[in-house]
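S.K.: Quick one, structure for this:
(one chain, ligands or ions: 1)
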Amino acid sequence: MKDEIDQEEVAKRRGIYFPAFSIYGGSSGLFDYGPYGSLIKDNIQNIWKEMIFSEGPVAMLDSPALTLQNVLKASGHYDRFFDYSVQCKSCNTKFRADDIVESLGLKVILDRDYLNNIIREKGIKCPKCGGEFDDVRIHKLMFQVDQGENMDPLFLRPETAQGIFVNFKEFYRFFREKLPFAVIQIGRGYRNEISPRRGLYRLREFNMMECEVFLDPKDEKWVKEPYDDVKIHYLTNKDEDLFMTPKEAYEKGIIKSQPLAYFTGFAFKFYSRIGLDVNKIRFRQHKKEDLSHYSSDTWDAEALTDIGWIEITGIAHRGTYDVGRHIEYSARDLYAQRLVEPHKEKKIELEPNFKEIKRDFGDKAGEIIKAINNGNSTVFLNNKQISLEKYIIRKEVEVTVDRESFVPIVVEPSFGLDRIIYALLDHNFDKREENGYVYLKIPPQVSPFVAGVYPLFPKEDLEKVAKDIYQKLLNDGFKVIYDDSGSIGKRYARYDEVGVPFGITVDYDTLKDSTVTIRFRDTTEQIRVSINDLTSKLRELLWTGKKN
Ligand code: AMP
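M.R.: Purely as a prediction, here's the structure:
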C-alpha cells in the first residue's frame, strides 16, 4: 500500500470495516464488516472453500463456538492458553510483557520470572506514560461464559479446530474409514487479547478458516504432490532465506513432512488468486524454542504490510497430540485402523460360567450373563453390588488379526481471515498519479460488486435505461450495484475505492445507438459496448481479464 493511504480511514469511510458498537463508544478488538467488507470477506471465504474442496477428500463441519470445559482441558488450552501481562501503575494500561521486552530489542523467554526480572533489572517503564510497571501476571486468553450455579463454565472457542478433533470418528466413518482426509471449518475464534490493536490485526473475536488434515503416521502423504510450478520464499529456523518450489523444499528436506510442504503451496496459490502481492509473502519456520507444545514443525505464512511482517496463516504439524489427548480425556475410541499382514495372535476371551450362574442366580441368570457379555466387572442386583469375577471363565484363544489401531496425525493449515483482508487491502490500495484518488485493485472475483451501473446524469430517460440494464445483469447472475447520486466522477471514485472493477455508464448516445461505456477501474480506460453484448462482455472480462 502506498505509504500515505490510511487503510483504517478509507475502510471506515467507505464501509469496508469499522469499530463495532461505535455509537456506544466501541470496544477495542471488535470490528464490523460493513456493506462492502462483508461481501469481500464472503468472496474470499468462498474462493478458499472452492479451492479446498477441489482437493478431493475434504468435508466440512459447523460446530458451536461455546465449548465444554473438558474439551479445552484435553486440548491443553485450559491450562496453557495464556499470555504474560504487565500493567502500568500510573495509567493502568496493560501490555503483553513479551511485547514490551521485545520492543526494546531484548531477548524474550516466555517465563514469568524471567520477564519480571528483566523488566526490573533494566528499569523498563510504561511506553505510554513513563510510569512504573506492576508485577508480571498470567493473563488467560479464553473468554469464560458462566452457565449458572453448580455447573462448569463454558468457554468461547479460541480456535475452531477442537470441534473437528472431537468429531474425528464421525468423519472417519464419512470417509469410509480411509485416510488421508481433511475437515474444514469456517467460523469465529475468540481470544481475550491483552492489547488488541491495529484494526483487524489483533482482534478479540476473529474469523478463521481452518483445515485439519488427518493422516496415517506410517504413510504421511496428502493426496497430491507438493507443487512444482510456484517459487516460494521460505525463511528457515536457521534464518536462511530460500527461494524454491514446495516440491524442492520437500525433496531437499527443508520441509520434512509432505503435507506440510504441500499446504505451503496451496496457501501461496490461494493468496495469489485472491490478489495478495505474492512478492510480499514468505513462509517462516518456527524456531525450536517457539514451537507450540504439540508441534514438531510449523511454518507461518507472513505478509509484509505497513506494520511489518504479520502472520496470516499458521501451518503446523500437530503430530498425534490432538486426537491422542481426546482419546485419553474422553476414554472413547477415536482410533483409526490400518490393514496389516494377517497373522495369528493370542487373545483372552471372557465367557460366562453358565453352571455357577444358574446355581447362584436361578431365573436372574440372564442379567448376569448379559453383564459379562457387555464386559462389566460388577452388576447391581437385588440392591446388592455383585462382583462378577468368579462367574467368568478366561480362555486363551488364537485369532487371526488383519488390522491394527492407531492415532492419526494432524497437519493443520489455519487461515486467519481478518489478517488476510488486512494484508489484501494493504497490498491493493493505490493512488492515481494524476489526481491522488485512491483505488483498490483487487481481482473481480473478490470485489464486492462486479460492476456499477450509472446513468450519466439524473435524467429520467437515462435512469430508466440504466435501471433496465441493472435488472438484466442481476437476472443474469451478476453481483452489480446501481447508483444515480452525485456526479459521475464522484461515483467512479466511490466504487474505485471499494474495488468495483467495472463501471457501466448510460449516456445520451445510449439512447441513440443502444451502446454503453465500460470503464476500467485500474486504468480508467473506457470501451463502448452494445447493450445486447453486455452480459457476454462482462463474462469474458471476468474470465480473461482482457479488455477487447
Ligand atoms: P493460531 O491458532 O494462533 O496459529 O492462529 C491462526 C491464525 O488466526 C493466525 O495465523 C492469524 O492469522 C489468526 N489470528 C490469531 N489470533 C488472532 C487475533 N487475535 N486477531 C486476528 N487474527 C488472529
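
S.K.: is the residue in the chain that the ligand sits nearest to in a bridge, and if so with what?
M.R.: For the chain, the nearest residue to the ligand under the criterion CB to the nearest ligand atom is Gly416, separated by 1.9 Å. Where you see a C-beta, it was placed from the backbone N, CA and C, and this is true even at glycine. Beta bridges link Gly416 to Met208, judged by DSSP bridges.

S.K.: Is it correct that it is in contact with Ile310?
M.R.: No. If you go by CB atoms under 8 Å, Gly416 and Ile310 don't touch, sitting 9.2 Å apart.

S.K.: give the contact list for the residue of the chain closest to the ligand.
M.R.: Contact partners of Gly416, counting by CB atoms under 8 Å, 6 or more residues apart in numbering, are Phe206, Asn207, Met208, Glu311, Ile312, Thr313.

S.K.: filter these to the buried ones?
M.R.: Neighbour counting with 16 or more other CB atoms under 10 Å marks Phe206, Asn207, Met208, Ile312, Thr313 as buried within these.

S.K.: measure the third one to Leu417 for me?
M.R.: Applying CB to CB, to the nearest Å, one obtains 7 Å for the distance of Met208 from Leu417.

S.K.: Contact residues of the protein facing the ligand?
M.R.: 159, 191, 193, 202-203, 206, 208, 311-314, 414, 416, 418-419 (CB under 6 Å from any ligand atom).

S.K.: Which member of these is positioned nearest Ala11?
M.R.: Taking CB to CB as the measure, Asp418 is the one of the residues of the chain next to the ligand closest to Ala11, at 11.7 Å.

S.K.: That closest one contacts Leu200, doesn't it?
M.R.: Yes. Counting by CB under 8 Å, Leu200 is a contact partner of Asp418 at 4.1 Å.

S.K.: These two: which is more packed in?
M.R.: A count of neighbours by other CB atoms under 10 Å puts Leu200 above the other of Asp418 and Leu200, at 26 against 21.

S.K.: Identify the residues contacting that one.
M.R.: Leu200 sits next to Tyr17, Phe31, Phe206, Asp418, Arg419, Ile421, Tyr422 when contact means CB under 8 Å, 6+ apart.

S.K.: do the same with Ala267
M.R.: If you count contacts by CB under 8 Å, 6+ apart, Ala267 has them with Phe283, Ala301, Thr313, Ile315, Pro413, Phe415.

S.K.: need the contact list for Leu242.
M.R.: Applying CB under 8 Å, 6+ apart, the residues near Leu242 are His233, Tyr234, Leu235, Thr236, Ala249, Ile254.

S.K.: Derive a ChimeraX selection command for the buried subset of the residues you listed.
M.R.: In ChimeraX, the members of the contacts of Leu242 classed as buried (16+ other CB under 10 Å) are selected with the following command:
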select :233,234,235,236,249,254
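
S.K.: Can you flag which of the contacts of Leu242 belong to helices?
M.R.: Ala249 (DSSP state H).

S.K.: Now pLDDT too, for the contacts of Leu242, in CSV please.
M.R.: Rendered in CSV, the data for these read as follows (pLDDT from 0 to 100):
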residue, pLDDT
His233, 98
Tyr234, 98
Leu235, 98
Thr236, 97
Ala249, 98
Ile254, 97
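
S.K.: And for the residue nearest to Phe406 when sequence neighbours are not counted, the neighbour number?
M.R.: Spatial nearest neighbour of Phe406, excluding adjacent residues (CB to CB, 6 or more residues apart in numbering): Ala336 at 5.9 Å. Using other CB under 10 Å, Ala336 has 22 neighbouring residues.

S.K.: Tell me if I'm right that Ala336 and Ser405 touch.
M.R.: Yes. Taking CB under 8 Å as the definition, Ala336 is a contact partner of Ser405 at 7.2 Å.

S.K.: coming back round to it: just the pLDDT for the residue nearest to Phe406.
M.R.: Ala336 carries a pLDDT score of 97 in this model.

S.K.: and it, how far is that from Arg325?
M.R.: Counting by CB to CB, the gap from Ala336 to Arg325 is 16 Å.

S.K.: cool, and Arg176?
M.R.: For Arg176, the distance to Arg325 equals 26 Å [CB to CB].

S.K.: When the two are compared, which one has more neighbours?
M.R.: Here Arg176 and Arg325 are set side by side on neighbour count (other CB under 10 Å), and the busier one is Arg325, at 20 against 7.
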